[in-house]
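Chemist: This is a predicted model, with the sequence first.
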Amino acid sequence: MFDSFKLARRPLLRAFKAAVLGASLGAVAAAAQTAGPQGYPHTGRVVIVVPFAPGGATDIIGRLIADELGKRWGTAVVVDNKAGAGGGIGTEYVARAKPDGYTLLLGTQTALAVNPHLLKKISYDVEKDFAPITELADTPLVLLASKKSGARNVPELVAAIKAKPDAVSYGTSGNGTSQHLTTLMMLERIGGKAVHVPYKGSSQSLVDLAGNQIDMQFDNMATALAFAKNGQATALAVTSRQRSPLQPDLPTLDEAGVPGFEAVTWLGLLAPAGTPAPVVSFLNQEVVAVLKSAGVKERMAAQGFSPRPMTADAFRQFIREETVKFSNLIKANNLTID
């Protein structure tokens, strides 16, 4: 009876093995369709270095890209958080990494275009140390006004700033942050002055804005809109050139009376300089495909970001233009941070 059971089981085992083999071959075939030059990336583990702590929007987007690439390649793509020095520690780490395509950087506007001109000492050269792959995404800031300011729109806020120079105050999460620089850009455009009140974090400055201790502040979209919705502040405009699909009724600063104004926070993917051109080209092709997928667009929108795929050359030029913009702004305002 035992022998009969073994005989009866053999066809089932053969069928099971065939199914497993078929599934494995199918996965290999699917991965092979996206195989890069010389077997890349299937000869090793790809690491995306996020130069900030886990949990923030930068980390979330880094993990989203890693997950999607891993699915396409049928291999592990992981995120390594190396926080510190405003993104400088992780950025320097990738600058010194082996240029083989297996260590990538989720680069930020601050680390790539601002800090090289703001910090007295910096240990990497953006132009020489990196091979840009593509911009990943950007997000506008939202201009908020306190109830005390009385401003219901941008023209009213601008009028208040011009009427009493240095009487209007603005909060930021610190010197040289995107909030600080964006406010300076706006003041420069309108020919006005205001009092800077730097905080150790955005949450504290928003509390003071809601408590009418300061008059205005730029902040990320998700947080700013939550404060406006709760009636703790008034949302006046977004800093992007086009209106945000997340809040289409909110005008841009350009529309609201600050012509040509645009200031967005952006993220991009880079490899160490010297990474083979075919690998950079393959990475660009793959990441752009990920950014164009409906699911990724939806998940980015939940963080207030919009995908911005582009060629590697276009991204390099974009970084150069952003570098010039922030360099001029920082020099004009004599900003430095030790």
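Modeler: It's in.
Chemist: alpha carbons only for contacts and neighbour counts from here, please
Modeler: OK.
Chemist: Spatially central, which residue of this protein would that be?
Modeler: Leu267 (3.1 Å; C-alpha atoms, centre = their mean).
Chemist: right, and the secondary structure at that residue would be what?
Modeler: strand (DSSP: H, G, I helix; E, B strand; the rest coil).
Chemist: for it, what are its contacts?
Modeler: 58, 106-109, 135-138 (C-alpha atoms under 8 Å, 6 or more residues apart in numbering).
Chemist: Looking at these, which are in helices?
Modeler: Per DSSP state H, helices hold the following members of these: 58, 109.
Chemist: For the buried ones among the contacts of Leu267, write the corresponding ChimeraX selection.
Modeler: In ChimeraX syntax, the buried subset of the contacts of Leu267 is picked out as below (16 or more other C-alpha atoms under 10 Å):
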select :58,106,107,108,109,135,136,137,138
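Chemist: and of the contacts of Leu267, the nearest to Pro251?
Modeler: Asp138 (17.6 Å; C-alpha to C-alpha).
Chemist: What residues does that closest one make contact with?
Modeler: Asp138 sits in contact with 264-267, 305-308, where contact means C-alpha under 8 Å, 6+ apart.
Chemist: of all the contacts of Leu267, which comes closest to Arg243?
Modeler: Asp138 (13.1 Å).
Chemist: Could you list the low-pLDDT ranges of this structure?
Modeler: Applying pLDDT under 70 to the chain flags residues 1-35, 338.
Chemist: could you redo the last one with a cut-off of 50?
Modeler: Along the chain, the parts satisfying pLDDT under 50 run over 1-13, 15-33.
Chemist: just to revisit the earlier point, would you mind measuring from the closest residue to the residue nearest to the centre of the chain other than its chain neighbours to Asn81?
Modeler: Excluding its sequence neighbours, the residue lying closest to Leu267 (C-alpha to C-alpha, 6 or more residues apart in numbering) is Thr108, at 4.7 Å. From Thr108 over to Asn81 the distance is 14 Å, taken as C-alpha to C-alpha, to the nearest Å.
Chemist: just the strands in the protein please.
Modeler: With DSSP state E, the ranges of strands along the chain come out as 46-50, 77-81, 103-108, 130-145, 169-172, 195-198, 216-220, 234-238, 264-272, 306-307.
Chemist: Determine which of those approaches Leu69 most closely.
Modeler: strand 77-81 (6.8 Å).
Chemist: Provide the contact partners of that closest one at residue level.
Modeler: Taking C-alpha under 8 Å, 6+ apart as the rule, strand 77-81 contacts 45-54, 59, 62-63, 66-67, 69-70, 90.
Chemist: List only buried entries from those.
Modeler: Counted by 16+ other C-alpha under 10 Å, the contacts of strand 77-81 give 45-52, 54, 59, 62-63, 66-67, 69-70, 90 as buried.
Chemist: count of neighbours near Val288?
Modeler: 20 (other C-alpha atoms under 10 Å).
Chemist: Repeat that for Gly274.
Modeler: By other C-alpha under 10 Å, the burial measure for Gly274, its neighbour count, is 15.
Chemist: on that earlier part again, nearest approach to Ser178 belongs to which of the strands of the chain?
Modeler: So among these, strand 264-272 is nearest, using C-alpha to C-alpha, at 7.3 Å.
Chemist: Run me through the strand neighbours of that closest one, direction for each.
Modeler: strand 103-108 (antiparallel), strand 130-145 (antiparallel) (DSSP bridges).
Chemist: could I get that strand in CSV with only the CA atoms?
Modeler: Extracted C-alpha coordinates of strand 264-272, given in CSV (Å, rounded to 0.1, in the frame of the first residue of the first chain):
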residue,chain,number,x,y,z
VAL,A,264,10.6,74.1,-6.0
THR,A,265,12.3,71.5,-3.9
TRP,A,266,13.7,68.7,-6.0
LEU,A,267,15.3,65.3,-5.7
GLY,A,268,17.4,63.4,-8.2
LEU,A,269,19.4,60.2,-8.7
LEU,A,270,23.1,60.2,-9.3
ALA,A,271,26.0,57.8,-9.5
PRO,A,272,29.7,58.4,-8.7
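Chemist: Tell me what angle that strand forms with strand 46-50.
Modeler: 140 degrees (axes from the mean of the first three to the mean of the last three C-alpha atoms, to 10 degrees).
Chemist: between strand 264-272 and strand 216-220, how many degrees?
Modeler: 40 degrees.
Chemist: Could you figure out how far strand 264-272 is turned away from strand 234-238?
Modeler: 50 degrees.
Chemist: Give the burial count for Asp254, as a bare number.
Modeler: 18.
Chemist: thinking again about what came up before, now the strands paired with strand 264-272 in a markdown table, please, with extra columns for distance to Pro165.
Modeler: Compiled in a markdown table, the strands paired with strand 264-272 are given as follows (distance: least, C-alpha to C-alpha, whole Å):
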| stretch | distance to Pro165 |
| --- | --- |
| strand 103-108 | 33 |
| strand 130-145 | 17 |
